[in-house]
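Chemist: coordinates only, sequence not included:
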């Protein structure tokens, strides 16, 4: 098991930026594929971005493509989500998730693929 702690959420105006971080402990992040999901009030938790174990492959939901960037720093056991051009529709609790990589370039976009989750960090975008 790996423990995940998200940080970096907050209140930002539309058009602004935030960088979320996901710090892993208990296991080295270098053997894990990681994803970011988000859940808005009254809605299902949805996929936002994912990165492979090696960091060589990434995937994004259409709603965030071109605005969000996921990256992985194994030396710091941390995954980041850089969020630019934020809009009120991005308001949600953002969750980091991780799973042992099946192979080095695999990415996972389904919630059910992940068995380790953080507690979430709130992102609120005001108009």
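Modeler: In hand now; what should we look at? Note that the structure is predicted; figures quoted are calculated from it, not measured.
Chemist: Report the central residue of this structure.
Modeler: Central residue check for the chain by Cα atoms, centre = their mean: the C-alpha nearest the mean position is that of residue 36, 2.3 Å away.
Chemist: Tell me who's in contact with that residue.
Modeler: Contact analysis of residue 36 by Cβ atoms under 8 Å, 6 or more residues apart in numbering lists 20, 22, 48-50, 68, 70, 79, 81, 94-97. To be clear about C-beta, it is placed using only N, CA and C from the backbone, and glycine gets the same treatment.
Chemist: Show me where this protein has its strands.
Modeler: With DSSP state E, the ranges of strands along the chain come out as 3-7, 10-13, 18-25, 32-39, 46-51, 58-60, 68-73, 78-83, 92-100, 116-117, 121-126.
Chemist: Give me the contact list for the shortest one.
Modeler: When you say that, I think you mean strand 116-117. By Cβ under 8 Å, 6+ apart, strand 116-117 touches 1-4, 32, 95-99.
Chemist: switch to 10 Å and redo it
Modeler: 1-4, 6, 24, 26-27, 32, 34-35, 37, 45, 95-100, 111 (Cβ atoms under 10 Å, 6 or more residues apart in numbering).
Chemist: ditto for the first one
Modeler: By Cβ under 10 Å, 6+ apart, the residues outside strand 3-7 that reach it are 19-27, 29, 32, 34, 36, 78-79, 81, 93-98, 114, 116-122.
Chemist: Only the buried members of those residues: can you turn that into a PyMOL selection?
Modeler: The PyMOL command for the buried members of those (criterion: 16 or more other Cβ atoms under 10 Å) is given here:
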select buried, resi 20+21+22+23+24+29+32+34+36+78+79+81+93+94+95+96+97+98+114+116+117+118+120+121
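Chemist: Return the closest of the contacts of residue 36 with respect to residue 41.
Modeler: residue 94 (13.4 Å; Cβ to Cβ).
Chemist: I'd say that closest one and residue 120 touch.
Modeler: Yes: with contacts counted by Cβ atoms under 10 Å, residue 94 reaches residue 120, the gap being 6.4 Å.
Chemist: Good, wrapping up.
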